[in-house]
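In: quick one, what's the 3D model for this:
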Amino acid sequence: MEEEDEREETNVIIIDQEADIDIVIEVEEEPEPVVEQIFDVVEENPEFIGGMAKLYEYLGKNIQYPEMAKENGIQGKVFVQFVVWKDGTIKDVRVVKGVHKTLDSEAQRVVKSMPKWTPGRQRGTAVNARFTLPIKFRIS
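Out: Numbering: from 1, shown residues only. Below you'll find the model as predicted:
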C-alpha cells in the first residue's frame with residue numbers, strides 16, 4: 001500500500017498560479033488632426049494671376065447677371081470672403097455682406113470657379129490667407 005501512495009505522489013502536477021507573465025497591451029494614440037493656419041494679415045497679399053485688372057476682367061467675362069435681379073432692378077456690392085491656400089486654390093467661399101440671394105449666389109459661383117491665385121506670403125513662405133473681394137453688380 002505504501003508503494004501505491006508513493007506512485008500517487010509522483011503523478012501530482014503542481015501548477016504555479018503566480019506565473020511571471022507580463023501582458024502588454026499597446027494602445028495606439030490617434031494623431032491629432034493637422035490644422036492649417038489661416039492668416040488674416042500677411043506681408044504679401046494673395047493675388048489673382050495678372051493682378052487686379054485681370055481679376056476684374058475675369059469677373060466681367062464670367063458674371064452672369066441673374067435675370068430676376070435685372071427685372072427687379074436689384075443691384076449693389078456683394079462682399080465675398082475666401083481663403084487662398086498656399087497652393088493657390090480657392091476654398092471656404094462665403095458671402096460676408098450680401099445684397100440679395102440671387103446676386104450673392106452668382107458672386108459665390110464665380111469666385112468658386114476662379115483659377116488658382118498666387119498665394120500670400122509670410123516671411124517669404126507661401127501661406128493660407130483670407131481675402132475679401134467686393135463684387136459690384138450694376139444695371140446699365
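In: quick one, strands of the chain?
Out: Using DSSP state E, the strands assigned to the chain run over residues 38-39, 47-48, 76-84, 90-97, 117-118, 120-122, 125-137.
In: ok, which of the ones you listed comes nearest Y58?
Out: Shortest distance between Y58 and the strands of the chain, using Cβ to Cβ, is found for strand 47-48: 7.0 Å. C-beta: built from backbone N, CA, C; applies to glycine.
In: quick one: strands adjacent to the closest one?
Out: Under the criterion DSSP bridges, strand 47-48 sits next to strand 117-118 (antiparallel) in its sheet.
In: the bottom helix or strand of the chain by mean pLDDT?
Out: Scoring the helices and strands of the chain by mean pLDDT, DSSP states H and E places helix 2-10 at the bottom, with a mean of 51.
In: got CSV for the strands of the chain, with mean neighbour count too?
Out: As requested, these are arranged in CSV below (neighbours: other Cβ atoms under 10 Å):
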stretch, mean neighbour count
strand 38-39, 16
strand 47-48, 20
strand 76-84, 20
strand 90-97, 14
strand 117-118, 18
strand 120-122, 20
strand 125-137, 17
